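S.K.: Next input, structure requested:
(4 chains)
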Protein chains: 2
Amino acid sequence: MDASAPRTRIQERNRAAILEAALDVFSQAGFRGATLDRIAKTAGLSKPNLLYYFPGKEAIHVALLAGLLDLWLDPLRALDDSGEPVEEIVGYVLRKLEMAREFPRESRLFANEIVQGAPRIADIIEGPLKTLVDEKAALIGHWADAGRIARVDPHHLIFSIWATTQHYADFDAQVRGILGPGEAHFTDAAEFLEQLYRRALRPG
Amino acid sequence: MDASAPRTRIQERNRAAILEAALDVFSQAGFRGATLDRIAKTAGLSKPNLLYYFPGKEAIHVALLAGLLDLWLDPLRALDDSGEPVEEIVGYVLRKLEMAREFPRESRLFANEIVQGAPRIADIIEGPLKTLVDEKAALIGHWADAGRIARVDPHHLIFSIWATTQHYADFDAQVRGILGPGEAHFTDAAEFLEQLYRRALRPG
DNA sequence: CGTCCTTCTGACCATTTGGTCAAACTCTTT
DNA sequence: AAAGAGTTTGACCAAATGGTCAGAAGGACG
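M.R.: Have a look, this model is predicted:
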C-alpha cells in the first residue's frame, strides 16, 4: 500500500476514516495508550483491514502528524510584517486560541508527543518549525527595534502565546474541573489574553 | 503491605526508591507507557519485590500524585494577601517557574495525567485544587476591586501563569529544539515573564 | 459471464506486560 | 542458636497487543 497517494474512492474514504479515528484515539490516549483494535473499531474497520492501508501503528501516527503540521502552523505563518504590530500579535493570539477551541484533538496530539520528549517529531521541531519560529521572532524583534511594540524576547513571547492558548485544549480537564463545564471559557480566555498581550506589548 | 506508614528502615528505603524510580518512568512515558519492569529495574528491585511494596501499578501512580500534590501547590498557597499585589503575583510567577526548573519530572507527571483527561485525579482537581484556586482568585479579585492591580479575570490569570511557567518543563523538548540546549532558557524566561506580568498588571 | 485486481476477514502467532505464588533467604529478637 | 517476622526471588500465568497470512468476497471491465 502506497502511503502517499490514494488511487481509488474506497482507499480515499478508508484512509480518511482511519486518520480521523486515529486522531481521536491517539489524542486521547497517547501513542503508547492507543491500540490498533480501538482505532480500527472507531474507524469501522477490522484490524487486518486497517493494516492493509498502513504498514503499522507508527506509520499511522507519522501520517497524522505530518498531515496536521501545516494546519497547526498556519496561524503563525499568517503573522504579517506589513500589519500594525500590536494588532498582528493580538490577532495571532486570538487565531491560536480559536484553533485550540476548534481543534483540541490536534492540540493534544502534539502535546502528548512533546511532553513525552517528542521522540517521533524531533526532526520536524529542529527543522521546519525552528525555521519558521526564528523567522517570525526576527520580525517581532524588528518591530521592537522600531519602537512599535515594547521590547520583549520574541522567542519567549511566542512560547507564552503557545502556552496560554493551547492550555485551554491540552489541559481542558483541569480547566473544566475548576471552572465547571461549558464553552464560555474560551470567550473569557479570549478577553483575558487580548488584554494581557495588549497591555504587555503597548510600546513605551 | 500497608501503603501509608513504613515500619522498618528497609521499607522506608525501598518505598522511597520505588517512588523515585516511578517518578522517572511515569513522567517520561506516561501511565500507559510505563512498565513495572522498567520501574523495578530503575529502582534496583525485582518486579515481584516491587509488588511486595505496592499492590499494583495504579497504586504506585496514585501514591506518587498524592505525595507530590502538596509540593506542587505550595507556590500558590504562598500567595499572601498582606503583600504588595503586583509583587506577590510576580513572585508567584517566579516561584512557579523555579519549580518547573527544579522539578520538571513532577510537572510532566501531572501534565501527562491531565492531557489524557485526568482520569485518576479528577476528584483532586474538582476538590482541593478547585478550592485553593477559587480562594486565591477571590484574593486577586479583591486586589483589583481596590485598584491595586489592573482588572483581569483572576482564574484566567492563574491559568496563564500555570501555562507559561510549566511550559518550560512540559514542553522542554520543543523549547530545546528551537532555542538549542542549555539551561539559560529559564533565566531568559524569568526575565520575560516578570516583564509580561508586571506590565499587564500595573494598575490604571 | 469470466477474469483480474482490489479489498477484506478469520485464524493465528510472538511478544509484552501486569500480576501471582510458593519457596527461599535475611534480619531481629529472645 | 532457634524462632518468627520481614524480605526477596524464580517460575509461572492470563490477557492484551502489534502484526502476519492464506484465502474469500467484491468490484471493474472485456
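
S.K.: Can you name the residue of chain A nearest DNA strand C?
M.R.: When you check chain A against DNA strand C by Cβ to the nearest atom of the strand, the closest residue turns out to be A:Pro48, at 3.2 Å. Using the backbone N, CA and C atoms, a C-beta is placed for each residue, glycine as well.

S.K.: Helix, strand or coil: sort out that residue for me.
M.R.: Secondary structure assignment for A:Pro48 (DSSP: H, G, I helix; E, B strand; the rest coil): helix.

S.K.: Next, work out how far apart it and B:Gly147 are.
M.R.: To B:Gly147, A:Pro48 is 68 Å away according to Cβ to Cβ, to the nearest Å.

S.K.: The helix or strand bottoming out on mean pLDDT in chain A - contacts with which helices or strands?
M.R.: Counting by mean pLDDT, DSSP states H and E, the weakest-scoring helix or strand in chain A turns out to be helix A:122-124, with a mean of 94. Helices and strands touching helix A:122-124, as assessed by 3 or more Cβ pairs under 8 Å, 6 or more residues apart in numbering or on different chains; DSSP states H and E, are absent.

S.K.: Can you list the neighbours in contact with whichever strand or helix holds A:His61?
M.R.: For A:His61, the host element (DSSP states H and E) is helix A:57-77. The contact list for helix A:57-77 (Cβ atoms under 8 Å, 6 or more residues apart in numbering or on different chains) reads A:3, A:18-19, A:22-23, A:26, A:31, A:34, A:36, A:39, A:54, A:92, A:95-96, A:99, A:103, A:106, A:109-110, A:113, A:120-121, A:124, A:128-129, A:132-133, A:136, A:158.

S.K.: quick check: domain ranges of chain A?
M.R.: A:9-55, A:68-201 (automatic domain parsing).

S.K.: before we move on, the earlier item: other residues contacting the least confident helix or strand of chain A?
M.R.: Outside helix A:122-124, the residues that reach it (Cβ under 8 Å, 6+ apart) are A:65, A:69, B:173, B:177.

S.K.: farthest pair in the residues you listed?
M.R.: Maximum pairwise distance among the contacts of helix A:122-124 (Cβ to Cβ): 15.7 Å, between A:Leu69 and B:Ala173.

S.K.: returning to what we had before: output the contacts of helix A:122-124 as TSV; include the columns distance to DNA strand C, neighbour count and pLDDT.
M.R.: Below are these laid out as TSV (distance: Cβ to the nearest atom of the strand, whole Å; neighbours: other Cβ atoms under 10 Å in any protein chain shown; pLDDT from 0 to 100):
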residue	distance to DNA strand C	neighbour count	pLDDT
A:Leu65	22	18	96
A:Leu69	26	16	95
B:Ala173	21	18	98
B:Gly177	26	22	98
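
S.K.: ok, back up a step: with distance to B:His61 as new columns, can the domains of chain A be given to me in JSON lines?
M.R.: Shown next, in JSON lines, are those (distance: least, Cβ to Cβ, whole Å):
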{"stretch": "domain A:9-55", "distance to B:His61": "14"}
{"stretch": "domain A:68-201", "distance to B:His61": "16"}
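
S.K.: mind checking which of the ones you listed is nearest DNA strand D?
M.R.: domain A:9-55 (3.6 Å).

S.K.: Show me which positions of the helix holding A:His61 end up buried.
M.R.: Judged by neighbour count using 16 or more other Cβ atoms under 10 Å in any protein chain shown, the buried positions of helix A:57-77 are A:57, A:60-61, A:63-65, A:68-69, A:72, A:75-76.

S.K.: so how far is the helix or strand that comes right after it from its chain's centroid?
M.R.: Once the chain leaves helix A:57-77, the next helix or strand it forms, by DSSP H and E, is helix A:85-102. Distance of helix A:85-102 from its chain centroid, counting by Cα atoms, centre = their mean, to the nearest Å, is 13 Å.

S.K.: what do you get for stretch A:156-176?
M.R.: Distance, centroid of stretch A:156-176 to centroid of chain: 11 Å (Cα atoms, centre = their mean).

S.K.: okay, that stretch in CSV with CA atoms only?
M.R.: Written as CSV, here are the backbone C-alpha positions of stretch A:156-176 (Å, rounded to 0.1, in the frame of the first residue of the first chain):
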residue,chain,number,x,y,z
HIS,A,156,9.7,33.7,24.7
LEU,A,157,6.8,35.8,23.6
ILE,A,158,5.9,33.1,21.1
PHE,A,159,6.3,30.4,23.7
SER,A,160,4.0,32.3,26.0
ILE,A,161,1.4,32.5,23.3
TRP,A,162,1.6,28.8,22.5
ALA,A,163,1.4,28.0,26.2
THR,A,164,-1.5,30.2,27.1
THR,A,165,-3.7,29.3,24.1
GLN,A,166,-3.0,25.6,23.9
HIS,A,167,-3.5,25.3,27.6
TYR,A,168,-7.3,25.5,27.0
ALA,A,169,-7.2,22.5,24.8
ASP,A,170,-4.4,20.4,26.3
PHE,A,171,-5.4,20.9,30.0
ASP,A,172,-9.1,21.1,29.3
ALA,A,173,-9.8,18.5,32.0
GLN,A,174,-8.2,20.9,34.6
VAL,A,175,-9.9,24.0,33.3
ARG,A,176,-13.3,22.3,33.4
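
S.K.: wait, does it contact chain B?
M.R.: Yes - using Cβ under 8 Å from any Cβ of the partner chain, stretch A:156-176 reaches chain B at A:156-157, A:159-160, A:162-164, A:166-168, A:170-171, A:173-175.
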